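>>> curious how this folds, go ahead:
(one chain, ligands or ions: 1)
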Amino acid sequence: MIDLRSDTVTRPSDEMREAAAGAEVGDDVYGEDPTVNELEARTAEILGKEAAMYVPSGTMGNQIAVRAHTERGQEVLLEEECHTYKWELGGIAQHSQVQARTIDGGDRGVVRPEQVHDGYVEGDDHRPGTGLLVLENTHNARGGTAIAPERIDEAARAAHEHGVSVHLDGARLFNAAAALDVPAARIAREADSVMTCLSKGLGAPVGSMLAGSSEFLERARRIRKLMGGGMRQAGIVAAPGLLALENRDRLHEDHRRARKLAAGLEDAPGLSPLEPETNIVLVETDDPAETTLERLRERGVAGSAFGAHTIRLCTHWDIDDADVETAIEAAASL
Ligand SMILES: Cc1ncc(COP(=O)(O)O)c(CN[C@H](C(=O)O)[C@H](C)O)c1O
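Got it, this is the predicted structure:
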């Protein structure tokens, strides 16, 4: 099966497995795991933030950030198709008891500053106020769009004008950095916190990173413990994460293969691929998405449904050029 469902399916390299087996470890709840500490320091440096924390999943990273930035009852401004709002089981309500005020970021999921000003609510005797703006880059559901740092800056500055903090869901931040040819730190510069995944295109088996100011991380660490995310000898899974961070430059290959896949699907019957900006190819389907996915699966190709008539195909490091060719042939025979 050529697994294009997601870049979450990436499997660790032999080098990562060896690094895990030989990792120096300690009790990370006491801050004594040297491998986790190294990963956190390296990530903070790469993202240009004061501190960073290793978390078991990107979802936990986002949910910790919302909880750390907000008070109960406040409103959180987020793009209506973003992961933190749409794909985390209502976590912002369940974990943080906040309410969502969604913004339509259009076909690329870009939140404009005027939408932040319009969506902002000042707290008073009647209204809870806006506690946080969440941005996403790349934007998964809008097609893995790589949003220019200037667009992130503008939205963040609008929030900061009202004293509202900004969290950047950068699950695929390094894909955006590679596509835009700018440092990840530049994209995350105006965000007060940023989450990025080691376990997707970078290939680590487990984990994500949450970065921000030292003061933010102090709060975030306690919330991670509250959520049961305090880990013990986590160097075992953090060691592959350190290697994953050095894979950032290979993401260009995934992007190249996504473009090749989309081009190959142009002539496939009943499929209309969007031009990919990174490793995600959204394809509009004449037939229902599930029907198309079933037919592709029968031909050895797995994808994800991202709408009634939209499927998502993700390239990643377990997908080579031959796999892309096979997927194109499978689609042509639909
Ligand atoms: C933008 C963004 N932020 C956060 C997460 C959550 O990361 P994990 O909790 O899966 O590690 C994801 C995972 N996305 C997964 C995928 O794309 O297959 C599914 C949809 O949850 C994400 O795409």
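>>> Glu40: what secondary structure?
Following DSSP: H, G, I helix; E, B strand; the rest coil, Glu40 is assigned to helix.
>>> for the closest residue to the ligand within the stretch 51-200 of the chain, the count of nearby residues, please.
Distances between the stretch 51-200 of the chain and the ligand by C-beta to the nearest ligand atom are smallest at Gly58, namely 2.6 Å. No exception for glycine: its C-beta is placed from N, CA and C like everyone else's. Per other C-beta atoms under 10 Å, the neighbour tally for Gly58 reads 26.
>>> what about it, distance to Glu266?
To Glu266, Gly58 is 32 Å away according to C-beta to C-beta, to the nearest Å.
>>> and the residue of the stretch 51-200 of the chain closest to the ligand, what pLDDT?
Looking at Gly58, its pLDDT reads 98.
>>> how about it: what's its closest non-neighbour residue?
Leaving aside its sequence neighbours, Gly58 sits nearest to Ser208 (C-beta to C-beta, 6 or more residues apart in numbering; 4.2 Å).
>>> name all residues that make contact with the one you found.
Under the criterion of C-beta atoms under 8 Å, 6 or more residues apart in numbering, the neighbours of Ser208 are 54-58, 60-61, 171, 195-199.
>>> take these and keep only those in helices.
By the criterion of DSSP state H, membership of the contacts of Ser208 in helices covers 58, 60-61.
>>> against the ligand, how distant is the residue nearest to Gly58?
6 Å (C-beta to the nearest ligand atom, to the nearest Å).
>>> ditto for Gly270
24 Å.
>>> now do Met231
To the ligand, Met231 is 15 Å away according to C-beta to the nearest ligand atom.
>>> burial count for that residue?
22.
>>> that one and Asp27 touch, don't they?
No - between Met231 and Asp27 there is no contact under C-beta atoms under 8 Å: 9.0 Å.
>>> quick revisit: can you name the residues bridging to the residue nearest to Gly58?
Val55, Cys197 (DSSP bridges).
>>> do you know the pLDDT at it?
pLDDT, Ser208: 98.
>>> how much space between it and Lys200?
Counting by C-beta to C-beta - Ser208 and Lys200 are separated by 9 Å.
>>> give the intersection of the neighbour lists for the two.
With C-beta under 8 Å, 6+ apart as the test, Ser208 and Lys200 both reach 58, 171.
>>> got phi/psi on the closest residue to Lys49 other than its chain neighbours?
Of all residues not flanking Lys49 in the chain, Ala211 sits nearest, at 3.9 Å (C-beta to C-beta, 6+ apart). Here is the backbone geometry of Ala211 (degrees, to the nearest 10): phi -120, psi 160.
>>> and His69, what does it touch?
For His69, the contacting residues are 131-132, 165, 167, 192-193, 216, by C-beta under 8 Å, 6+ apart.
>>> can you list the buried residues in stretch 71-86?
By 16 or more other C-beta atoms under 10 Å, the buried positions in stretch 71-86 come out as 74-79, 81-85.
>>> confirm Val324 sits in a strand?
No - assignment of Val324 by three-state DSSP gives helix, placing it outside any strand.
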